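> quick one, what's the 3D model for this:
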Amino acid sequence: MERQQILDLYQWETGVCFRHPAKGEQPTVIVQEVHPRTGPSEEVRACADCVVDLEQQRWLAACESGHAYRPGHAGEAPDQA
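Predicted coordinates for the structure are as follows:
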């Protein structure tokens, strides 16, 4: 898939990327939700570059493990999506 096709699979909102917090607020998506023992859940957000990188990692992991790869699930393992 092309980069823009992958990015179009996500719902984008303004937020701070977990890998690039110094860039400040930018379009991001939720890739994980952290549930600490105390306090509310926290969203882990990623920018477009990170989403593409995470999708690439998922695709490679799927190829190596024999699992099916479905784009649009950047925060999940290949066999969970």
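> any idea whether the residue with the largest distance to the centre of the chain is helix, strand or coil?
In terms of distance from the mean C-alpha position of the chain, Thr38 ranks first, at 24.6 Å (C-alpha atoms, centre = their mean). Recorded secondary structure, Thr38: coil (DSSP: H, G, I helix; E, B strand; the rest coil).
> which residues in this protein form helices?
3-7, 48-65 (DSSP state H).
> find the nearest non-adjacent residue to Cys47, please.
Using C-beta to C-beta, 6 or more residues apart in numbering and skipping residues adjacent in sequence, the residue nearest Cys47 is Cys17, 4.0 Å away. Any C-beta I mention is one placed from the backbone N, CA and C, and that applies to glycine too.
> that neighbour and Lys23 touch, don't they?
Yes. Here Cys17 reaches Lys23: they are 6.4 Å apart, a contact under C-beta atoms under 8 Å.
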